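Trainee: Predicted model, plus sequence, below.
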Amino acid sequence: MRDAEREAAAAAARARAEAARQHRERDLFARSVGAVVPLRPTARAPTATARAQPEPRQRQRDEAAVLAESISDEFDVESLLETDEALSFRRRGVGPEVVRKLRRGVWAIQAQLDLHGLRRDEARERLAAFLRDAVRAGARCVRVVHGKGNGSPGREPVLKGKVRNWLVQKDEVIAFTQARAQDGGHGALIVLLRPTTPASAG
């Protein structure tokens, strides 16, 4: 009987201690934050479901232009090149006489891009911008200088194959061939661009 009384007394003491602890914590919190004033309810306008705003047309055109200008390093160009020493290229429907005229310098070179010393990514971006600007300006024949690789490790022209790869992927390029000796020889390409119409030039 006494054991039961002692257990009951101990339980009551623990309950009183816990109640006292909780009271002290509430009192300490009240002193630390001060008086609490409830906020008045404010009138709120009903929330309307936000409608998706249409994207500006210019942004859509810009994104489409970026996609159109995108060129890949993984594109396999070798099967599309002529099997001659100059590794020429002509778009389907373009006759072989066009490449022969390019080699002879029939078309005057109207613009030039020099990619010497550029990293691959920078060279790719410069080439895309150069071709776009040349087409807008109405240029038909341009020269792209990729270098002979004299200053590259192993004396290999790092950009030579890349530039051919990139040019084949551009629709505005209808043909290209290695430049004549006086125009850069192994270190440059002569590129023939698709003629522009008044509608496409704008």
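Mentor: Sure, I can see it. Note that this is a predicted model, so its numbers are computed, not measured.
Trainee: and the nearest residue to Val173 once chain neighbours are set aside, helix, strand or coil?
Mentor: Sequence neighbours aside, Leu167 is the residue nearest to Val173 in space, at 4.9 Å (criterion: C-beta to C-beta, 6 or more residues apart in numbering). Quick note: C-beta positions are derived from backbone N, CA and C, even for glycine. With DSSP: H, G, I helix; E, B strand; the rest coil as the basis, Leu167 sits in helix.
Trainee: Return the set of buried residues in stretch 137-146.
Mentor: 139-146 (16 or more other C-beta atoms under 10 Å).
Trainee: re earlier: what's around the residue nearest to Val173, how many residues?
Mentor: If you count neighbours by other C-beta atoms under 10 Å, Leu167 ends up with 20.
Trainee: Could you identify the most distant pair in the buried residues of stretch 137-146?
Mentor: Pairwise distances across those peak at 20.3 Å for Arg140 and His146 (criterion: C-beta to C-beta).
Trainee: quick revisit: present the buried residues of stretch 137-146 as TSV; the columns should include distance to Ala17 and secondary structure.
Mentor: Below are the buried residues of stretch 137-146 laid out as TSV (distance: C-beta to C-beta, whole Å; DSSP: H, G, I helix; E, B strand; the rest coil):
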residue	distance to Ala17	secondary structure
Ala139	93	coil
Arg140	97	coil
Cys141	97	strand
Val142	92	strand
Arg143	93	strand
Val144	88	strand
Val145	90	strand
His146	87	coil
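Trainee: Go through these and name the one nearest Glu125.
Mentor: Nearest member of the buried residues of stretch 137-146 to Glu125, counting by C-beta to C-beta, is Val144, at 13.7 Å.
Trainee: got the contact list for that closest one?
Mentor: 112-113, 115, 127, 130, 163, 167, 176, 188-189, 191 (C-beta atoms under 8 Å, 6 or more residues apart in numbering).
Trainee: May I have the beta-bridge partners of it?
Mentor: Leu113, Leu189 (DSSP bridges).
Trainee: circling back: closest one to Ala11 out of the contacts of Val144, please.
Mentor: Checking those one by one against Ala11 (C-beta to C-beta), the nearest turns out to be Leu127, at 86.4 Å.
Trainee: Just list the residues touching the closest one, thanks.
Mentor: Leu127 touches 71, 113, 115, 144, 163, 166-167, counting by C-beta under 8 Å, 6+ apart.
Trainee: picking up where we left off before, thought the residue nearest to Val173 was touching Ala175?
Mentor: No - using C-beta atoms under 8 Å, Leu167 is not in contact with Ala175, being 9.5 Å away.
Trainee: what sits in contact with each of these two?
Mentor: 89, 191.
Trainee: Now do the SS call for Ile174.
Mentor: Strictly by three-state DSSP, Ile174 counts as strand.
Trainee: For it, which residues are in contact?
Mentor: 90-91, 94, 98, 192-194.
Trainee: Could I have the buried ones of these as PyMOL selection syntax?
Mentor: Of those, the buried ones go into a single PyMOL selection, burial set by 16+ other C-beta under 10 Å:
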select buried, resi 90+91+98+192+193+194
